[in-house]
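**Student:** My questions concern the predicted model and sequence given below.
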Amino acid sequence: MKHDSLPSAPSVVPRTASFPIQEGRPFPLGATWDGLGVNFALFSAHATKVELCLFDETGQTELSRVELPEYTDEVWHGYLPEARPGTVYGYRVHGPYEPEAGHRFNPNKLLIDPYAKQLVGGLVWGPELFGYTLDHPDKDLSFDERDSAHMVPKCRVIDPAFTWGTERRPMVPWDRTITYEMHVKGFTALDDRVPEAQRGTFAGLGHAHVARYLRDLGVTSAELLPVHAFLDDSYLEEKGLRNYWGYNSIAFFAPEARYLHGNTVNEFKEMVNQFHHADIEVILDVVYNHTAEGNELGPTLSFKGIDNASYYRLMPDEPRYYINDTGTGNTVNLSNSRVLQMVGDSLRYWATEMRVDGFRFDLATILGREPHGFDENGGFLHACRQDPVLSRVKLIAEPWDIGPGGYQVGHFPPGWAEWNDKYRDTVRAFWKGEEGTMGEFAARVAGSADLFDKRGRKPWASVNFITAHDGFNLNDLVSYDEKHNEANGEENRDGHSNNHSWNHGVEGPTDDPEIAELRERQKRNLLATLLLSHGTPMILAGDEFGHTQNGMNNAYAQDNEITWLDRDEVGPEGSSLREFVRRLIALRQAYPLLHRSRFLSGAYNAGLDVKDVTWLDPNSNEMTDAQWTDPTAHCFGMLLDGRAQPTGIRRRGDDATLLVVFNAHHDVVEFTLPEAPGGSRWMGLIDTNDPDRLEPLAFPFGHDYAVTGRSLLLFVLTEEKALPRHLRDGLSAMLAIADRPLQRDPS
């Protein structure tokens, strides 16, 4: 069905000639202040006319409409010499309304500039937002003539000037990186050191004590859940909920307005400045795979009304409908060169103008999709590899989507790191005591070479995690067998059911001291495994002190105390766990063998007379194939030889030799400490059954160590009379943690 795209008469017709317009330039896209005026440029390959709508500073009153006079290379553009930073605007785009041909132009709908650097006002849900008449029998084939301007956010022209001072990028090497996934609001919402009005904002997160907390913990890189402007779904608002996580983007250049305490985007830059001052990187979780406009029955807010057929992947034979490889209704079309440019421009903007240090890409398989399917040499992935800016920042893929062939763990190109869900599931299953998991557990702890050892990729390409925003957090992983998502109002149907979780005998909180003690030990086992594994560890904020979400494993809509963190009211168990995490991170950084950029092979190097890793059974014999596949076996050791070749240069290493013992058996296992070249005894650094012990204990070769059921041990090889440099490094790291407790900052 075809409709002429004639705008209905608004209640108050704005003046159309109050602002003189010049031709301007087609580049850069967006609204750009040049010190004299503002250039406006908007891509649309199929539009017939574009009107620039100017509003008062509140965005409530439309002052004028100005037709963009020029059309160059599919870009509509014009220049307003009288416009200044603070100018509030939106677009009305004319063209065919032919949904069956993929076109949904409707100039009655005010549209957000895809390149908007700041948004003003919020979204008010109502039928005016839709390009069609909601109750019409023809559904989206009908045409709605109501004006939506009073219901949508507006765009604001910004002045990008900012004084960075002595700021410098931390440039943390990948093999030293400790990532920490956190939420802008949730991290400070309950922090009484932050002025109340600033809590939950970039200004709150930018308080110096936040960066100090992360630095004292040992974190090198803060990974923020989405900060691009996003929208709350109407069905959530109807239930009194919000889109807390933010995976519902609508503007890829604008920071989310609810995270701004003031009215300037420089607040985000101030936050980055504070993090960089503490040598902590800022990584953004970005959502370029879909937008908040949904499918053919969704609202017309931006891309859909600007050029639906260009911005979205449509069904080849039925372009009325959207390809939905994201599960959210639509899929952004990165096969279109202008859409690919938009995403690249957005990334470069955040990396250069906002100075962030990397990106984690939600449903990143989408970004590698071409019409024929996922392609690791696809346009977007290829563009990132050759881009002089993006090739130098951290790029992390969530390597899956719900489309055909969507699971691509290990298949992203060199230069990328990937979330490794096989690591998550295997480590959870092993410590739960599931049978037959020991062999794969060893592969995951050793860096997942089976997935990533190709094309010169390094162990850091595997981003190891036990928990993330999506799923159980650490406390609930060891406290619940079942998900408890009733608060989302979906009758607990949402969220994953296969969590490899274990409540240890009681569902939820318990007063049973034995269960409580075992849960705490399991938390330590999981965290110790994470931080002693090869690869890049990622910690979920709050796990370091045992935050609970009361059994929710899908808290996406919970903007409340379920998800907000209270770092001061953690109790003795939480304080002890946090100190344990600090020690683990310090030990990981002190011993290079735990983060070398070489995959462990277990092969004998005849030239150096050394094996990088030897897998040991409890009798200190090398593991056999039969033992690896024994479903009843749950205990083994990982001997890391510090003399192994550390780099591509063929030479012996001179790092400390380490022994890690994993016991997922329910009972004590006697583990014989092995002989090893270069020392005469083992010094115990970590025992998850005795977490508060800081003074290392020495044990001779051949000592039968009683490994507590469900516990982990870390030893370092040393000599009888002298402490070698490697041991001194590790001990100093531990003692420094002991002498510098993480306390409440009075500032």
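**Tutor:** Received the coordinates, thanks.
**Student:** Phi, psi for the residue minimising distance to the centre of the chain please.
**Tutor:** By CA atoms, centre = their mean, the chain has its centre lying nearest to Asp285, at 4.0 Å. Backbone geometry at Asp285, expressed as degrees, to the nearest 10, gives phi -80, psi 120.
**Student:** Which residue lies closest in space to it, excluding its sequence neighbours?
**Tutor:** Leaving aside its sequence neighbours, Asp285 sits nearest to Arg360 (CB to CB, 6 or more residues apart in numbering; 4.7 Å). The C-beta positions use only the backbone N, C-alpha and C, and glycine is treated the same way.
**Student:** Ile178 too?
**Tutor:** Leaving aside its sequence neighbours, Ile178 sits nearest to Thr220 (CB to CB, 6+ apart; 4.8 Å).
**Student:** Now tell me which helix or strand of this structure has the poorest mean pLDDT.
**Tutor:** Across the helices and strands of the chain, mean confidence by mean pLDDT, DSSP states H and E is lowest for helix 725-739: a mean of 55.
**Student:** residue ranges with poor pLDDT in the stretch 301-450 of the chain?
**Tutor:** Within the stretch 301-450 of the chain, no stretch has pLDDT under 70.
**Student:** What segments of it are strands?
**Tutor:** 358-361, 369-370, 373-374, 394-397, 417-420 (DSSP state E, counting those that start in this stretch).
**Student:** how about the ones you listed in TSV, adding mean neighbour count?
**Tutor:** Converted to TSV, the strands of the stretch 301-450 of the chain look like this (neighbours: other CB atoms under 10 Å):
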stretch	mean neighbour count
strand 358-361	25
strand 369-370	21
strand 373-374	18
strand 394-397	24
strand 417-420	25
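**Student:** can you list those strands in JSON lines and add distance to Asn273?
**Tutor:** Formatted as JSON lines, the strands of the stretch 301-450 of the chain follow (distance: least, CB to CB, whole Å):
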{"stretch": "strand 358-361", "distance to Asn273": "17"}
{"stretch": "strand 369-370", "distance to Asn273": "36"}
{"stretch": "strand 373-374", "distance to Asn273": "38"}
{"stretch": "strand 394-397", "distance to Asn273": "19"}
{"stretch": "strand 417-420", "distance to Asn273": "25"}
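**Student:** so which of those strands comes closest to Asn324?
**Tutor:** Distance to Asn324, taken as CB to CB, is lowest for strand 369-370 among those, at 12.3 Å.
**Student:** Can you list the strands that the closest one pairs with?
**Tutor:** In the sheet, strand 369-370 lines up against strand 373-374 (antiparallel) (DSSP bridges).
**Student:** ok, residues contacting the partner strand?
**Tutor:** Residues outside strand 373-374 that contact it (CB atoms under 8 Å, 6 or more residues apart in numbering) are Thr365, Gly368, Pro404, Gly405, Gly406, Gln408, His411.
**Student:** again, only this time at 6 Å
**Tutor:** Contacts with strand 373-374, where a contact means CB atoms under 6 Å, 6 or more residues apart in numbering, come from Thr365, Gly368, Gly405, Gln408.
**Student:** And for stretch 625-634?
**Tutor:** Contacts for stretch 625-634 (CB under 6 Å, 6+ apart): Glu435, Gly436, Met438, Gly439, Asp617, Ala664, His665.
**Student:** so what's the third one up against?
**Tutor:** What that stands for is Met438. Applying CB under 6 Å, 6+ apart, the residues near Met438 are Ala633.
**Student:** do the same with Leu110
**Tutor:** Contacts of Leu110 (CB under 6 Å, 6+ apart): Gly90, Ser148, Ala149, Val152.
**Student:** Arrange the residues you listed in TSV, one row each, with pLDDT and secondary structure as further columns.
**Tutor:** Below are those laid out as TSV (pLDDT from 0 to 100; DSSP: H, G, I helix; E, B strand; the rest coil):
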residue	pLDDT	secondary structure
Gly90	98	strand
Ser148	98	coil
Ala149	98	helix
Val152	98	coil
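**Student:** The residue nearest to the centre of the chain reaches His228, doesn't it?
**Tutor:** No: Asp285 lies out of contact with His228 (CB atoms under 6 Å); the separation is 9.2 Å.
**Student:** name the element Gly574 belongs to?
**Tutor:** helix 571-590 (DSSP states H and E).
**Student:** Paired strands for the very next helix or strand once past that helix, with orientation please.
**Tutor:** Using DSSP H and E, the helix or strand that follows helix 571-590 towards the C-terminus is strand 604-605. Counting by DSSP bridges, the strands paired with strand 604-605 are strand 610-611 (antiparallel).
**Student:** Please compute how far the strand it pairs with lies from its chain's middle.
**Tutor:** Averaging C-alpha positions (CA atoms, centre = their mean, to the nearest Å) puts strand 610-611 37 Å from its chain's average.
**Student:** And for stretch 374-387?
**Tutor:** 20 Å.
**Student:** buried ones in that stretch?
**Tutor:** Under the neighbour-count criterion of 16 or more other CB atoms under 10 Å, stretch 374-387 has Phe374, Asp375, Gly378, Gly379, Phe380, Leu381, Ala383, Cys384 buried.
**Student:** check contacts around the fourth one.
**Tutor:** Each residue near Gly379 by CB under 6 Å, 6+ apart is listed here: Leu340.
**Student:** Out of the strands of the stretch 301-450 of the chain, the one nearest Arg428 is which?
**Tutor:** strand 417-420 (12.6 Å).
**Student:** how about the helices in the stretch 151-300 of the chain?
**Tutor:** All helices of the stretch 151-300 of the chain, identified by DSSP state H, counting those that start in this stretch, fall at 184-188, 202-205, 208-217, 234-238, 266-277.
**Student:** What about Glu490, how many residues nearby?
**Tutor:** 14 (other CB atoms under 10 Å).
**Student:** helix, strand or coil for it?
**Tutor:** coil (DSSP: H, G, I helix; E, B strand; the rest coil).
**Student:** ok, it to Gln558 distance?
**Tutor:** Distance of Glu490 to Gln558, computed by CB to CB, to the nearest Å: 12 Å.
**Student:** and the contacts of stretch 625-634, which are buried?
**Tutor:** Looks like the contacts of stretch 625-634 have Met438, Gly439, Asp617, Ala664, His665 buried, using 16+ other CB under 10 Å.
**Student:** Make a markdown table out of the helices of the stretch 151-300 of the chain and add mean neighbour count.
**Tutor:** Below are these laid out as a markdown table (neighbours: other CB under 10 Å):
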| stretch | mean neighbour count |
| --- | --- |
| helix 184-188 | 24 |
| helix 202-205 | 26 |
| helix 208-217 | 19 |
| helix 234-238 | 14 |
| helix 266-277 | 22 |
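**Student:** of these, which approaches Leu141 most closely?
**Tutor:** helix 234-238 (21.5 Å).
**Student:** mind saving the C-alpha coords of that closest one as CSV?
**Tutor:** This file holds the C-alpha atoms of helix 234-238, laid out as CSV (Å, rounded to 0.1, in the frame of the first residue of the first chain):
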residue,chain,number,x,y,z
SER,A,234,6.5,0.8,26.7
TYR,A,235,5.7,-2.6,28.2
LEU,A,236,8.3,-2.0,31.0
GLU,A,237,6.9,1.4,31.7
GLU,A,238,3.4,-0.1,32.0
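**Student:** quick one: contacts for Arg457?
**Tutor:** By CB under 6 Å, 6+ apart, the contact list for Arg457 reads Pro414.
**Student:** 10 Å instead?
**Tutor:** Gly410, Phe412, Pro413, Pro414, Gly415, Trp416, Ala417, Glu418, Ala449, Leu451, Phe599 (CB atoms under 10 Å, 6 or more residues apart in numbering).
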